[in-house]
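Peer 1: Here is my input, please return the structure:
(chains A, B, C and D)
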Protein chains: 2
Amino acid sequence: MISGKFAITTHILTLLSKFPNDYLSSEYIAGSINLNPVLVRKEISNLKKNHIVESKEGKNGGTRLLKPASEITLHDIFKMTFDTVSLGYAKNQPNPDCPVGKRINENLDFLYLDINEKINAQLSTITLEDFSNQF
Amino acid sequence: MISGKFAITTHILTLLSKFPNDYLSSEYIAGSINLNPVLVRKEISNLKKNHIVESKEGKNGGTRLLKPASEITLHDIFKMTFDTVSLGYAKNQPNPDCPVGKRINENLDFLYLDINEKINAQLSTITLEDFSNQF
DNA sequence: TAAATTTGTAACATATTTTATTACAGTATG
DNA sequence: CATACTGTAATAAAATATGTTACAAATTTA
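Peer 2: Numbering: from 1, shown residues only, chains lettered A, B, ... in the order given. Purely as a prediction, here's the structure:
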(Lines give C-alpha, C1' and ligand atoms only; values in the text may rest on other atoms or scores of the structure.)
Protein backbone atom coordinates (compact mmCIF):
# COMPACT_ATOMS: atom_id res chain seq x y z
CA MET A 1 0.00 0.00 0.00
CA ILE A 2 1.07 3.48 -0.89
CA SER A 3 3.12 3.56 -4.01
CA GLY A 4 4.60 6.91 -3.05
CA LYS A 5 5.92 5.11 0.03
CA PHE A 6 9.58 5.73 -0.71
CA ALA A 7 9.03 9.41 -1.50
CA ILE A 8 6.78 9.92 1.49
CA THR A 9 9.10 8.13 3.88
CA THR A 10 12.09 10.05 2.55
CA HIS A 11 10.15 13.28 2.99
CA ILE A 12 9.26 12.36 6.56
CA LEU A 13 12.84 11.47 7.41
CA THR A 14 14.19 14.61 5.81
CA LEU A 15 11.91 16.68 7.99
CA LEU A 16 12.88 14.74 11.09
CA SER A 17 16.54 15.20 10.24
CA LYS A 18 16.02 18.96 10.21
CA PHE A 19 14.78 18.89 13.81
CA PRO A 20 16.58 15.93 15.32
CA ASN A 21 15.71 16.87 18.88
CA ASP A 22 12.03 17.60 18.43
CA TYR A 23 9.05 15.35 18.28
CA LEU A 24 7.20 16.30 15.10
CA SER A 25 3.50 15.56 14.95
CA SER A 26 1.96 13.60 12.10
CA GLU A 27 -0.22 16.60 11.38
CA TYR A 28 2.76 18.89 10.97
CA ILE A 29 4.49 16.39 8.71
CA ALA A 30 1.30 15.83 6.74
CA GLY A 31 1.14 19.57 6.19
CA SER A 32 4.48 19.54 4.44
CA ILE A 33 3.72 16.49 2.31
CA ASN A 34 0.12 17.55 1.76
CA LEU A 35 -1.07 14.15 2.76
CA ASN A 36 -3.58 12.77 5.18
CA PRO A 37 -2.07 12.46 8.68
CA VAL A 38 -3.29 8.90 8.99
CA LEU A 39 -1.15 7.91 6.03
CA VAL A 40 1.82 9.65 7.61
CA ARG A 41 1.26 7.66 10.77
CA LYS A 42 1.13 4.47 8.76
CA GLU A 43 4.52 5.18 7.28
CA ILE A 44 5.87 6.14 10.67
CA SER A 45 4.58 2.85 11.97
CA ASN A 46 6.75 1.18 9.37
CA LEU A 47 9.73 3.30 10.38
CA LYS A 48 9.26 2.32 13.99
CA LYS A 49 9.13 -1.35 13.09
CA ASN A 50 12.55 -0.81 11.56
CA HIS A 51 13.92 1.07 14.56
CA ILE A 52 14.60 4.25 12.62
CA VAL A 53 12.33 6.51 14.64
CA GLU A 54 10.50 6.56 17.93
CA SER A 55 7.15 8.10 18.73
CA LYS A 56 5.69 9.56 21.83
CA GLU A 57 1.94 9.43 22.31
CA GLY A 58 -0.17 12.05 23.99
CA LYS A 59 -0.06 15.80 24.09
CA ASN A 60 3.12 17.28 22.62
CA GLY A 61 3.84 13.84 21.27
CA GLY A 62 5.20 13.06 17.86
CA THR A 63 8.09 11.32 16.20
CA ARG A 64 11.85 11.78 16.06
CA LEU A 65 14.87 10.00 14.67
CA LEU A 66 16.41 7.21 16.69
CA LYS A 67 19.83 7.67 15.09
CA PRO A 68 21.84 10.31 13.26
CA ALA A 69 20.93 11.03 9.66
CA SER A 70 24.49 10.13 8.74
CA GLU A 71 23.77 6.56 9.76
CA ILE A 72 20.71 6.09 7.61
CA THR A 73 21.13 5.46 3.90
CA LEU A 74 18.64 5.79 1.10
CA HIS A 75 19.06 2.07 0.67
CA ASP A 76 17.71 1.59 4.18
CA ILE A 77 14.68 3.63 3.21
CA PHE A 78 14.35 1.71 -0.01
CA LYS A 79 14.37 -1.63 1.78
CA MET A 80 11.61 -0.50 4.09
CA THR A 81 9.35 0.89 1.41
CA PHE A 82 9.94 -1.09 -1.77
CA ASP A 83 10.10 -4.74 -2.57
CA THR A 84 12.32 -4.44 -5.58
CA VAL A 85 12.45 -2.29 -8.62
CA SER A 86 10.83 -4.12 -11.49
CA LEU A 87 9.97 -3.22 -15.02
CA GLY A 88 6.82 -5.25 -14.55
CA TYR A 89 5.36 -8.61 -15.39
CA ALA A 90 2.34 -9.60 -17.40
CA LYS A 91 -0.51 -10.01 -14.99
CA ASN A 92 -1.55 -13.55 -15.87
CA GLN A 93 0.51 -16.66 -15.73
CA PRO A 94 2.01 -17.16 -19.19
CA ASN A 95 1.35 -20.33 -21.12
CA PRO A 96 3.52 -23.08 -19.62
CA ASP A 97 3.28 -25.09 -22.83
CA CYS A 98 5.15 -22.42 -24.77
CA PRO A 99 8.93 -22.47 -24.36
CA VAL A 100 8.94 -18.69 -24.10
CA GLY A 101 5.88 -18.42 -21.86
CA LYS A 102 7.29 -21.10 -19.62
CA ARG A 103 10.44 -19.18 -18.76
CA ILE A 104 9.79 -15.53 -19.47
CA ASN A 105 9.24 -14.55 -15.86
CA GLU A 106 12.32 -16.37 -14.71
CA ASN A 107 14.40 -14.52 -17.28
CA LEU A 108 12.84 -11.20 -16.42
CA ASP A 109 13.65 -11.97 -12.80
CA PHE A 110 17.33 -12.30 -13.63
CA LEU A 111 17.28 -9.00 -15.42
CA TYR A 112 15.48 -7.21 -12.62
CA LEU A 113 17.82 -8.72 -10.07
CA ASP A 114 20.76 -7.13 -11.88
CA ILE A 115 18.99 -3.81 -11.99
CA ASN A 116 18.30 -3.96 -8.28
CA GLU A 117 21.89 -4.70 -7.46
CA LYS A 118 22.93 -1.56 -9.27
CA ILE A 119 20.29 0.54 -7.59
CA ASN A 120 21.11 -0.85 -4.17
CA ALA A 121 24.78 -0.08 -4.65
CA GLN A 122 23.93 3.45 -5.62
CA LEU A 123 21.44 4.10 -2.84
CA SER A 124 23.83 2.70 -0.27
CA THR A 125 26.28 5.49 -0.97
CA ILE A 126 23.80 8.23 -0.13
CA THR A 127 22.95 8.99 3.47
CA LEU A 128 19.89 10.77 4.72
CA GLU A 129 22.29 13.49 5.78
CA ASP A 130 23.55 13.86 2.22
CA PHE A 131 20.05 14.00 0.92
CA SER A 132 18.89 16.42 3.56
CA ASN A 133 21.83 18.74 2.97
CA GLN A 134 20.52 19.42 -0.51
CA PHE A 135 17.70 21.46 0.98
CA MET B 1 -1.77 2.19 -20.03
CA ILE B 2 -0.56 -1.33 -19.38
CA SER B 3 1.96 -1.48 -16.62
CA GLY B 4 3.24 -4.83 -17.76
CA LYS B 5 4.14 -3.09 -21.02
CA PHE B 6 7.85 -3.79 -20.87
CA ALA B 7 7.35 -7.44 -19.99
CA ILE B 8 4.61 -7.90 -22.55
CA THR B 9 6.54 -6.19 -25.31
CA THR B 10 9.66 -8.17 -24.48
CA HIS B 11 7.60 -11.35 -24.57
CA ILE B 12 6.14 -10.41 -27.95
CA LEU B 13 9.54 -9.61 -29.40
CA THR B 14 11.07 -12.78 -28.03
CA LEU B 15 8.39 -14.80 -29.78
CA LEU B 16 8.88 -12.87 -33.01
CA SER B 17 12.62 -13.43 -32.79
CA LYS B 18 12.03 -17.17 -32.65
CA PHE B 19 10.18 -17.07 -35.98
CA PRO B 20 11.78 -14.15 -37.79
CA ASN B 21 10.29 -15.08 -41.14
CA ASP B 22 6.70 -15.73 -40.08
CA TYR B 23 3.84 -13.40 -39.44
CA LEU B 24 2.56 -14.31 -35.99
CA SER B 25 -1.06 -13.46 -35.19
CA SER B 26 -2.04 -11.46 -32.16
CA GLU B 27 -4.13 -14.41 -31.06
CA TYR B 28 -1.19 -16.77 -31.16
CA ILE B 29 0.97 -14.32 -29.24
CA ALA B 30 -1.82 -13.66 -26.77
CA GLY B 31 -2.00 -17.41 -26.16
CA SER B 32 1.60 -17.47 -25.02
CA ILE B 33 1.29 -14.42 -22.80
CA ASN B 34 -2.18 -15.37 -21.63
CA LEU B 35 -3.42 -11.91 -22.42
CA ASN B 36 -6.28 -10.44 -24.37
CA PRO B 37 -5.37 -10.21 -28.09
CA VAL B 38 -6.54 -6.59 -28.22
CA LEU B 39 -3.88 -5.66 -25.70
CA VAL B 40 -1.29 -7.49 -27.74
CA ARG B 41 -2.33 -5.49 -30.79
CA LYS B 42 -2.02 -2.30 -28.79
CA GLU B 43 1.55 -3.11 -27.89
CA ILE B 44 2.26 -4.12 -31.46
CA SER B 45 0.86 -0.78 -32.54
CA ASN B 46 3.49 0.83 -30.36
CA LEU B 47 6.20 -1.36 -31.84
CA LYS B 48 5.15 -0.37 -35.33
CA LYS B 49 5.26 3.29 -34.42
CA ASN B 50 8.88 2.67 -33.50
CA HIS B 51 9.67 0.75 -36.67
CA ILE B 52 10.58 -2.44 -34.84
CA VAL B 53 7.96 -4.66 -36.46
CA GLU B 54 5.61 -4.65 -39.38
CA SER B 55 2.12 -6.10 -39.62
CA LYS B 56 0.12 -7.55 -42.42
CA GLU B 57 -3.65 -7.28 -42.27
CA GLY B 58 -6.12 -9.80 -43.58
CA LYS B 59 -6.14 -13.55 -43.65
CA ASN B 60 -2.82 -15.14 -42.70
CA GLY B 61 -1.74 -11.75 -41.53
CA GLY B 62 0.23 -11.03 -38.40
CA THR B 63 3.38 -9.35 -37.26
CA ARG B 64 7.09 -9.91 -37.75
CA LEU B 65 10.36 -8.20 -36.88
CA LEU B 66 11.63 -5.46 -39.15
CA LYS B 67 15.23 -5.97 -38.16
CA PRO B 68 17.45 -8.66 -36.67
CA ALA B 69 17.16 -9.36 -32.97
CA SER B 70 20.84 -8.56 -32.66
CA GLU B 71 20.04 -4.96 -33.57
CA ILE B 72 17.40 -4.40 -30.93
CA THR B 73 18.45 -3.79 -27.32
CA LEU B 74 16.45 -4.06 -24.16
CA HIS B 75 17.02 -0.35 -23.83
CA ASP B 76 15.11 0.16 -27.06
CA ILE B 77 12.25 -1.81 -25.60
CA PHE B 78 12.50 0.11 -22.37
CA LYS B 79 12.30 3.46 -24.15
CA MET B 80 9.17 2.39 -25.95
CA THR B 81 7.36 1.05 -22.93
CA PHE B 82 8.50 3.00 -19.92
CA ASP B 83 8.83 6.64 -19.15
CA THR B 84 11.49 6.33 -16.54
CA VAL B 85 12.06 4.17 -13.55
CA SER B 86 10.99 6.02 -10.46
CA LEU B 87 10.69 5.13 -6.83
CA GLY B 88 7.55 7.23 -6.77
CA TYR B 89 6.34 10.61 -5.68
CA ALA B 90 3.73 11.67 -3.19
CA LYS B 91 0.53 12.17 -5.10
CA ASN B 92 -0.26 15.72 -4.05
CA GLN B 93 1.81 18.79 -4.53
CA PRO B 94 3.89 19.25 -1.37
CA ASN B 95 3.64 22.43 0.64
CA PRO B 96 5.58 25.13 -1.21
CA ASP B 97 5.94 27.13 1.99
CA CYS B 98 8.04 24.42 3.56
CA PRO B 99 11.70 24.35 2.54
CA VAL B 100 11.56 20.60 2.28
CA GLY B 101 8.18 20.39 0.58
CA LYS B 102 9.25 23.04 -1.85
CA ARG B 103 12.16 21.05 -3.24
CA ILE B 104 11.54 17.42 -2.41
CA ASN B 105 10.38 16.46 -5.88
CA GLU B 106 13.25 18.21 -7.54
CA ASN B 107 15.70 16.33 -5.35
CA LEU B 108 13.94 13.03 -5.94
CA ASP B 109 14.14 13.80 -9.64
CA PHE B 110 17.93 14.05 -9.44
CA LEU B 111 18.09 10.75 -7.67
CA TYR B 112 15.81 9.01 -10.13
CA LEU B 113 17.74 10.44 -13.02
CA ASP B 114 20.90 8.81 -11.73
CA ILE B 115 19.10 5.53 -11.33
CA ASN B 116 17.81 5.71 -14.87
CA GLU B 117 21.25 6.36 -16.26
CA LYS B 118 22.50 3.20 -14.64
CA ILE B 119 19.58 1.16 -15.88
CA ASN B 120 19.89 2.53 -19.38
CA ALA B 121 23.57 1.69 -19.50
CA GLN B 122 22.82 -1.83 -18.42
CA LEU B 123 19.90 -2.43 -20.74
CA SER B 124 21.86 -1.06 -23.66
CA THR B 125 24.33 -3.92 -23.38
CA ILE B 126 21.69 -6.62 -23.79
CA THR B 127 20.23 -7.36 -27.21
CA LEU B 128 16.96 -9.07 -27.92
CA GLU B 129 19.10 -11.86 -29.37
CA ASP B 130 20.93 -12.24 -26.06
CA PHE B 131 17.69 -12.30 -24.19
CA SER B 132 16.04 -14.69 -26.60
CA ASN B 133 18.98 -17.08 -26.49
CA GLN B 134 18.27 -17.73 -22.85
CA PHE B 135 15.20 -19.71 -23.83
C1' DT C 1 -7.86 14.98 37.93
C1' DA C 2 -9.97 16.88 33.90
C1' DA C 3 -9.20 19.00 29.41
C1' DA C 4 -6.47 19.02 25.51
C1' DT C 5 -3.59 16.92 22.18
C1' DT C 6 -1.55 13.39 20.07
C1' DT C 7 -0.66 8.45 18.46
C1' DG C 8 -2.47 3.84 16.76
C1' DT C 9 -5.41 1.44 14.16
C1' DA C 10 -9.56 -0.37 12.03
C1' DA C 11 -13.17 0.14 8.89
C1' DC C 12 -14.83 2.07 5.12
C1' DA C 13 -15.09 5.22 0.89
C1' DT C 14 -13.28 7.25 -3.17
C1' DA C 15 -10.21 7.81 -6.93
C1' DT C 16 -7.02 6.20 -10.17
C1' DT C 17 -4.87 2.98 -12.98
C1' DT C 18 -4.68 -1.28 -15.32
C1' DT C 19 -6.57 -4.99 -17.63
C1' DA C 20 -10.36 -7.18 -20.14
C1' DT C 21 -14.24 -7.36 -23.27
C1' DT C 22 -17.18 -6.34 -27.00
C1' DA C 23 -17.98 -4.66 -31.29
C1' DC C 24 -17.17 -3.76 -35.76
C1' DA C 25 -14.97 -1.58 -39.93
C1' DG C 26 -11.25 -2.49 -43.01
C1' DT C 27 -8.02 -5.66 -45.51
C1' DA C 28 -5.89 -9.57 -47.64
C1' DT C 29 -6.20 -14.59 -49.01
C1' DG C 30 -7.75 -18.42 -51.29
C1' DC D 1 -17.45 -14.22 -51.38
C1' DA D 2 -16.31 -16.66 -47.06
C1' DT D 3 -12.69 -16.64 -43.86
C1' DA D 4 -9.27 -14.93 -40.89
C1' DC D 5 -6.82 -11.44 -39.73
C1' DT D 6 -5.59 -6.24 -38.07
C1' DG D 7 -6.96 -1.61 -36.06
C1' DT D 8 -9.28 0.92 -32.96
C1' DA D 9 -12.92 2.87 -30.14
C1' DA D 10 -15.94 2.42 -26.41
C1' DT D 11 -17.05 0.44 -22.35
C1' DA D 12 -16.70 -2.60 -18.26
C1' DA D 13 -14.40 -4.82 -14.60
C1' DA D 14 -10.71 -5.51 -11.47
C1' DA D 15 -6.90 -4.09 -8.92
C1' DT D 16 -4.43 -0.78 -6.39
C1' DA D 17 -3.65 3.51 -4.08
C1' DT D 18 -5.19 7.18 -1.47
C1' DG D 19 -8.36 9.51 1.63
C1' DT D 20 -11.69 9.86 5.51
C1' DT D 21 -13.97 9.00 9.72
C1' DA D 22 -14.04 7.37 14.11
C1' DC D 23 -12.48 6.36 18.36
C1' DA D 24 -9.62 4.06 22.08
C1' DA D 25 -5.36 4.78 24.49
C1' DA D 26 -1.59 7.64 26.07
C1' DT D 27 0.55 11.73 27.83
C1' DT D 28 0.92 16.51 29.16
C1' DT D 29 -0.35 20.49 31.52
C1' DA D 30 -3.17 23.50 33.91
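Peer 1: Mind jotting down where the helices sit in chain A?
Peer 2: Taking DSSP state H as the test, the helices found in chain A are A:5-18, A:26-33, A:37-49, A:74-81, A:99-124, A:128-133.
Peer 1: Packing partners of the last one?
Peer 2: Think helix A:128-133. Helices and strands touching helix A:128-133, by 3 or more C-beta pairs under 8 Å, 6 or more residues apart in numbering or on different chains; DSSP states H and E, are helix A:5-18, helix A:74-81. (Each C-beta comes from the backbone N, C-alpha and C, glycine too.)
Peer 1: Out of the helices of chain A, which gets nearest to residue B:117?
Peer 2: Among the helices of chain A, helix A:99-124 comes nearest to residue B:117, with 9.7 Å by C-beta to C-beta.
Peer 1: Spell out which residues of chain A are next to DNA strand D.
Peer 2: Residues of chain A lying near DNA strand D by C-beta under 7 Å from any atom of the strand: A:1-5, A:35-36, A:38-39, A:56-61.
Peer 1: Between which two of those residues is the distance greatest?
Peer 2: Spanning the widest gap among the residues of chain A next to DNA strand D are A:3 and A:59, at 33.5 Å by C-beta to C-beta.
Peer 1: Which one's more surrounded, the two?
Peer 2: Each of residue A:3 and residue A:59 has its neighbours counted (other C-beta atoms under 10 Å in any protein chain shown); residue A:3 has more, 15 against 5.
Peer 1: Could you report the pLDDT at the residue of chain A most remote from its centre?
Peer 2: Ranked by distance from the centre of chain A (C-alpha atoms, centre = their mean), the top residue is residue A:97, with 38.5 Å. In this model, residue A:97 is scored at 94, pLDDT.
Peer 1: One more: the one 4 residues further on?
Peer 2: You'll see residue A:101 listed with a pLDDT of 96.
Peer 1: Could you report the separation of it from DNA strand C?
Peer 2: Distance, residue A:101 to DNA strand C, using C-beta to the nearest atom of the strand, to the nearest Å: 14 Å.
Peer 1: Just to check, that residue is in contact with residue B:34?
Peer 2: Yes: Residue A:101 is in contact with residue B:34 according to C-beta atoms under 8 Å; the separation is 7.3 Å.
Peer 1: intersection of neighbour lists for those two?
Peer 2: Common neighbours of residue A:101 and residue B:34, counting by C-beta atoms under 8 Å, 6 or more residues apart in numbering or on different chains, are A:94-95.
Peer 1: Compare those two and say which is more crowded by neighbours.
Peer 2: Neighbours per residue (other C-beta under 10 Å) separate residue A:101 from residue B:34, with residue A:101 holding more: 21 against 15.
Peer 1: distance of the more buried one from DNA strand D?
Peer 2: To DNA strand D, residue A:101 is 17 Å away according to C-beta to the nearest atom of the strand.
Peer 1: for residue A:21, what are its contacts?
Peer 2: Residues near residue A:21 by C-beta under 8 Å, 6+ apart: residue A:64.
Peer 1: tell me the pLDDT at it?
Peer 2: For residue A:21, pLDDT reads 94.
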